[in-house]
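# Sequence first, predicted coordinates after that:
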Protein chains: 2
Amino acid sequence: MDSENIKSTAHAMADAARAAVLPFFRADGLTADNKAGQGFDPVTEGDRAAERAMRSVLAERRPQDAILGEEFGHTEGSSGLTWVLDPIDGTRAFLSGAPTWGVLIAASNEDGPVFGLIDQPYIGERFEGGLGEARMQGPQGARALRVLGDRPIADSILFTTFPEVGSLEEGAGFRAVSDQVRLTRYGMDCYAYALLAAGQIDLVIEAGLNAYDIQAPIAVIEAAGGIVTDWRGEPAHRGGRVVAAAGQAQHAAALEVLSKVT
Amino acid sequence: MDSENIKSTAHAMADAARAAVLPFFRADGLTADNKAGQGFDPVTEGDRAAERAMRSVLAERRPQDAILGEEFGHTEGSSGLTWVLDPIDGTRAFLSGAPTWGVLIAASNEDGPVFGLIDQPYIGERFEGGLGEARMQGPQGARALRVLGDRPIADSILFTTFPEVGSLEEGAGFRAVSDQVRLTRYGMDCYAYALLAAGQIDLVIEAGLNAYDIQAPIAVIEAAGGIVTDWRGEPAHRGGRVVAAAGQAQHAAALEVLSKVT
């Protein structure tokens, strides 16, 4: 596999997405369409601009690869490699001006992601993992990514995005884990996965994810020594219910509870 | 009042706090003492280093002023001005590696803050308000701070730090407001007040605050045209239950509910 080309293409895509999306962040009069028809599922011009920018890079550099993007769907390819893209993971954070959204880029085959990148354009932080890499670059320079490793569940820090997590049953499962940890925090979207890969937190538990929400985080976290599965311990790259852990101990303790959720 | 000296001193303090605290952020092996004796109330070396650095600046530049700091308590002064300092607001965010904590600096008289500054050292963002200023500086440069202004409560974005908010009664009051808004987000600590001043969100509702948690946000938000009171519409600079609003409409709608909380 052409690893160096995949990695440099991913960085070129992230650079292009940064330039495309930043003019929309905290812009006056940013409007949100309602994609879901009910509730609040904003899709901004920023989302679309960022995905367009990433697709342009791929069209020029790797036209043989397939693409699965949140905004513009599936594009066929012939190489066996699919780029799985979420131009703004955390659109609600984006619309609120919070710097905890990210651009997610994964290069995947049918078994899941082989390389992933989580980019936070406003802070200027980039986390990458796979194909021999596990590192971040940010305002304080570059450093290696390495998860915390095993810690007792009672000492653990748990993150999720929404306190309700998912369905009533899923929410109850989440809270049963939350009751065992030292600290639970909310509202970080993909940034929580980056913090786990960076050795800052122990667990991220979410439900109702799409493939493009989780493939980049899987690659980054696994490269940093962490574990990402669904709530039964099976592969999570198709989305759904996800638990990411900094060690076997935290993962086993969370699955003990979550695997019983119907 | 020596406005220019107060403002330049506040910036010098924020610069000193940044330099003192950043080596501790995301450092390996950061430990948290337990200040509360129960629960989880971490005080890190970073907190103490940042407050010490700010007190050193004051000792040199304005020894006649009083100081009220979270970590080292009250220091008498003779000028009538008190510096109200929270070296790390959002210690839990800090310990989790999330960039949503901040250094809070307020210059206050007995009626409340006359100038305030919210600094996020990792991102390199600084929000200031009072004594003729209402502006922010960050990765994308400088811009004026201006709140959103009046919006219907149904269109509003509401932030708080912890989903439980405070006591059971306080939590119920919060949720009664949350049920009326478009979007509720959690986990931002003082960063939520900065977002409100920057015209990104409509409401921040919290309970159980200390004076040093809220005096800097009050100065920044009021300078940007917003409103900060307690849950009965009275001054909030002594802490307790706080509601910050981007306009009279959102403030009135929130107080309608919150003023009934016993």
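That came through fine.
# For chain A, give me the ranges with low pLDDT.
A:1, A:29-43 (pLDDT under 70).
# Contact residues of it facing chain B?
Applying CB under 8 Å from any CB of the partner chain, we find that chain A lies next to chain B at A:22, A:26, A:28, A:40, A:92-93, A:95-100, A:122-124, A:139-140, A:157, A:159, A:163, A:182-183, A:185-188, A:191, A:195, A:198-201. Placement of C-beta: from N, CA and C, glycine included.
# same thing but at 7 Å, please
A:26, A:40, A:92, A:96-99, A:122-124, A:139, A:157, A:163, A:182-183, A:185-188, A:195, A:198, A:200-201 (CB under 7 Å from any CB of the partner chain).
# Quick one: buried ones out of these?
Among the residues of chain A next to chain B, those classed as buried by neighbour count (16 or more other CB atoms under 10 Å in any protein chain shown) are A:26, A:92, A:96-99, A:122-123, A:157, A:163, A:182-183, A:185-188, A:195, A:198, A:200-201.
# Which ones among the residues you listed map onto helices?
A:92, A:96, A:195 (DSSP state H).
# got JSON lines for those residues, with distance to residue A:129 too?
Output for those, formatted as JSON lines (distance: CB to CB, whole Å):
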{"residue": "A:92", "distance to residue A:129": "25"}
{"residue": "A:96", "distance to residue A:129": "28"}
{"residue": "A:195", "distance to residue A:129": "14"}
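# in which helix or strand would I find residue A:12?
helix A:3-21 (DSSP states H and E).
# neighbouring contacts of that helix?
A:46, A:49-50, A:53-54, A:56-58, A:61-62, A:87-88, A:103, A:105, A:107, A:115, A:117, A:119, A:121, A:126, A:131, A:133 (CB atoms under 7 Å, 6 or more residues apart in numbering or on different chains).
# Next step: the residues you listed restricted to helices.
A:46, A:49-50, A:53-54, A:56-58, A:61.
# Narrow those to just the buried residues.
Using 16+ other CB under 10 Å, the buried ones in those are A:46, A:49-50, A:53-54, A:57-58.
# Of all pairs in those, which one is the farthest apart?
Greatest spacing in these, by CB to CB: A:46 and A:58 (19.0 Å).
# buried residues in the helix holding residue A:12?
Buried, per 16+ other CB under 10 Å, within helix A:3-21: A:6-7, A:9-11, A:13-18, A:20-21.
# ok, so of the residues you listed, who is nearest residue A:79?
For the buried residues of helix A:3-21, the nearest to residue A:79 is residue A:6 (10.3 Å; CB to CB).
# OK, contacts around residue A:60?
Applying CB under 7 Å, 6+ apart, no residues qualify as near residue A:60.
# Pretty sure residue A:197 sits against residue A:221.
Yes. Applying CB atoms under 7 Å as the test, residue A:197 and residue A:221 come out as touching, 4.9 Å apart.
# any shared contact partners between the two?
With CB under 7 Å, 6+ apart, residue A:197 and residue A:221 have common neighbours residue A:129.
# ok, the ones in helices among the buried ones among the residues of chain A next to chain B vs residue B:254, which is closest?
Once CB to CB is applied, the member of these that ends up nearest residue B:254 is residue A:96, at 17.1 Å.
# Would you confirm that that closest one contacts residue B:158?
No. If you go by CB under 7 Å, residue A:96 and residue B:158 don't touch, sitting 9.8 Å apart.
# Now residue A:211: closest residue in space, sequence neighbours ignored.
residue A:239 (4.7 Å; CB to CB, 6 or more residues apart in numbering or on different chains).
# For chain B, what's its nearest residue on the stretch 101-250 of chain A.
Of all residues in the stretch 101-250 of chain A, residue A:200 sits closest to chain B, at 3.0 Å by CB to the nearest CB.
# Can you show me the strands along the stretch 51-200 of chain A?
A:66-69, A:73-75, A:82-89, A:102-109, A:112-120, A:125-130, A:133-138, A:141-144, A:157-160, A:183-186 (DSSP state E, counting those that start in this stretch).
# what's in contact with the last one?
In other words, strand A:183-186. Residues contacting strand A:183-186 (CB under 7 Å, 6+ apart): A:157-161, A:163, A:178, B:40, B:92, B:96, B:163, B:186-187.
# List the contacts of residue A:113.
Applying CB under 7 Å, 6+ apart, one finds that residue A:113 lies in contact with A:106-107, A:130, A:215-216, A:218-219, A:237.
# Any chance of TSV for these, columns neighbour count?
Below are the contacts of residue A:113 laid out as TSV (neighbours: other CB atoms under 10 Å in any protein chain shown):
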residue	neighbour count
A:106	29
A:107	27
A:130	24
A:215	32
A:216	34
A:218	27
A:219	33
A:237	21
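# Could I get those in JSON lines, plus columns for distance to residue B:169?
What follows is the contacts of residue A:113, written out as JSON lines (distance: CB to CB, whole Å):
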{"residue": "A:106", "distance to residue B:169": "46"}
{"residue": "A:107", "distance to residue B:169": "51"}
{"residue": "A:130", "distance to residue B:169": "49"}
{"residue": "A:215", "distance to residue B:169": "44"}
{"residue": "A:216", "distance to residue B:169": "42"}
{"residue": "A:218", "distance to residue B:169": "42"}
{"residue": "A:219", "distance to residue B:169": "46"}
{"residue": "A:237", "distance to residue B:169": "44"}
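# Go through those and say which is closest to residue B:258.
For these, the nearest to residue B:258 is residue A:216 (40.4 Å; CB to CB).
# so that closest one sits in a helix?
Yes. Judged by DSSP: H, G, I helix; E, B strand; the rest coil, residue A:216 forms part of a helix.
# Please name the residues that touch it.
Counting by CB under 7 Å, 6+ apart, residue A:216 has contacts A:104-106, A:113, A:116-118.
# Helices along the stretch 151-262 of chain A, start to end?
A:168-178, A:191-197, A:211-223, A:248-258 (DSSP state H, counting those that start in this stretch).
# which residues are in contact with the second one?
Read it as helix A:191-197. In contact with helix A:191-197 (CB under 7 Å, 6+ apart) are residues A:100, A:102, A:118, A:120, A:127, A:129, A:145, A:147, A:159, A:201, A:204, A:217, A:220-221, A:224, A:226, A:244, A:246, B:96-98.
# Go again with 6 Å.
Contacts to helix A:191-197, defined as CB atoms under 6 Å, 6 or more residues apart in numbering or on different chains, come from residues A:100, A:118, A:127, A:145, A:159, A:201, A:204, A:217, A:220-221, A:224, A:244, A:246, B:97.
# which one among the residues you listed gets closest to residue B:253?
residue A:100 (26.7 Å).
# Can you tell me the closest non-neighbouring residue to the closest one?
Using CB to CB, 6+ apart, the nearest residue to residue A:100 is residue A:191, at 4.3 Å.
# quick revisit: of the helices of the stretch 151-262 of chain A, which is nearest residue B:153?
Closest approach to residue B:153 among the helices of the stretch 151-262 of chain A (CB to CB): helix A:168-178, 25.4 Å.
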